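>>> From the sequence below, what's the structure:
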Amino acid sequence: MTVPAFNYLKPDSLAEALDMLATEPGAYPIAGGTNLMVDVRAGKLSPETMIDVGDLDELRGIVVKDSQMTIGGAVTIAELLRHEIIRQRVPVLFAAGKTFANTLIRNRATVGGNLVNAAPCSDTAPALLVLDAEVSLSSSSGTRWIPLTEFLVGAFQTQRRADELLMEVRFPIPPASSRGGFEKMGLRKISCMAKVDVAVMADFDERGACKDARIALGAVAPIPLRAEKAEASLVGTAFIARAPEKPVRCGEQVQDKTIEEAARLAGEAASPRSGSEYKRQVVYGLTRRILTAMATGIRDGEAS
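Numbers count the residues shown, from 1 in each chain. Alright, predicted model coming up:
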């Protein structure tokens, strides 16, 4: 389909970009454009104006300060994967990034764009959800921070107003005592949209008892959801065989009953978009796989 004509504007500053969003009718901000341009070509969107914000410095960095990570909205998925602290300290996000589409799209797609698109099958949203992420939205009248749980309100729907720009995503860097994982099931190994994805984060005390657990499910409901009963079933248990920094030794036992129950409850939390029971079974299987990998000391993504 032919792309309809639109005005293209490239602001020199953030202030200019926000002014354009406030004054240009039918304007859309664009950075990577991997979702937006697909919708334009398909006739789902007819923007009068595209405002290119991809090169604005305020949207480009990854900053670590006071045990918190802040990621600019125009940071690409490929840039996430190259960041050493994300690789070492935030492997649940790293694992989600590795499953994201293909190399070409990872080089263009941005963190902010993926969240604003709010597709139910988003890979980044479940990972950021278990990291307790929040996003900042800026307009010419000011900036507001909002938890990701509140930002996503429905399939392809967010709390972003038309005059706002998603500036940053921030979250606490997981402590060394934590473990996590991300698994995705699609129709093929690369360039696939998730049929189901599961993200898990848990923190442990020095004895290996779970202090806090977060499990997010993607592509099973209009927005990613937390499997709260499954999370609660893990808290207080010692389902990992040893303290978090010490992998399981030969002969030590993984607490299969705890993992089995949490995986079952996660499956029950799913509300399959396709109306098929198989998604509940996939959630069960992926959750069990992640928790088993966590219990045996395998790092995020190594269970794949």
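
>>> can we go C-alpha only for contacts and neighbour counts from here?
Will do.

>>> what are the ranges of the helices in the protein?
14-23, 36-41, 77-82, 84-89, 91-98, 103-106, 111-117, 124-130, 148-151, 228-234, 256-269, 278-295 (DSSP state H).

>>> got CSV for the ones you listed, with mean neighbour count too?
Formatted as CSV, the helices of the chain follow (neighbours: other Cα atoms under 10 Å):
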stretch, mean neighbour count
helix 14-23, 18
helix 36-41, 16
helix 77-82, 19
helix 84-89, 15
helix 91-98, 25
helix 103-106, 16
helix 111-117, 23
helix 124-130, 27
helix 148-151, 18
helix 228-234, 19
helix 256-269, 21
helix 278-295, 23
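
>>> looking at these, which one has the lowest mean pLDDT?
Lowest mean pLDDT within the helices of the chain: helix 36-41, at a mean of 89.

>>> what residues does that one touch?
Met1, Thr2, Val3, Pro4, Ile30, Leu45, Ser46, Pro47, Asn117 (Cα atoms under 8 Å, 6 or more residues apart in numbering).

>>> now the helices of the chain in TSV, with distance to Ser178?
Below are the helices of the chain laid out as TSV (distance: least, Cα to Cα, whole Å):
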stretch	distance to Ser178
helix 14-23	37
helix 36-41	36
helix 77-82	20
helix 84-89	9
helix 91-98	11
helix 103-106	27
helix 111-117	24
helix 124-130	12
helix 148-151	21
helix 228-234	13
helix 256-269	17
helix 278-295	9
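
>>> returning to that earlier point: just the buried subset of the contacts of helix 36-41, please.
Buried residues within those, counting neighbours by 16 or more other Cα atoms under 10 Å: Ile30, Ser46, Pro47, Asn117.

>>> Quickly note the distance from the closest residue to the second one other than its chain neighbours to Lys98.
The reference is to Ser46. Distances taken as Cα to Cα, 6 or more residues apart in numbering put Val40 closest to Ser46, at 6.1 Å, once the chain neighbours are dropped. According to Cα to Cα, to the nearest Å, Val40 and Lys98 sit 27 Å apart.

>>> mind checking pLDDT for Arg226?
Note for Arg226: predicted pLDDT of 97.

>>> Tell me who's in contact with it.
Arg214, Ile215, Ala216, Leu217.

>>> Neighbour-wise, give me the winner out of those residues.
Leu217 (33 neighbours; other Cα atoms under 10 Å).

>>> ok, back up a step: among the contacts of Arg226, which are in strands?
Residues from these lying in strands, with DSSP state E as the criterion: Arg214, Ile215, Ala216, Leu217.

>>> Need these in CSV (columns: pLDDT and distance to Thr158).
CSV is the format used below for the ones in strands among the contacts of Arg226 (pLDDT from 0 to 100; distance: Cα to Cα, whole Å):
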residue, pLDDT, distance to Thr158
Arg214, 98, 22
Ile215, 99, 21
Ala216, 98, 18
Leu217, 97, 18
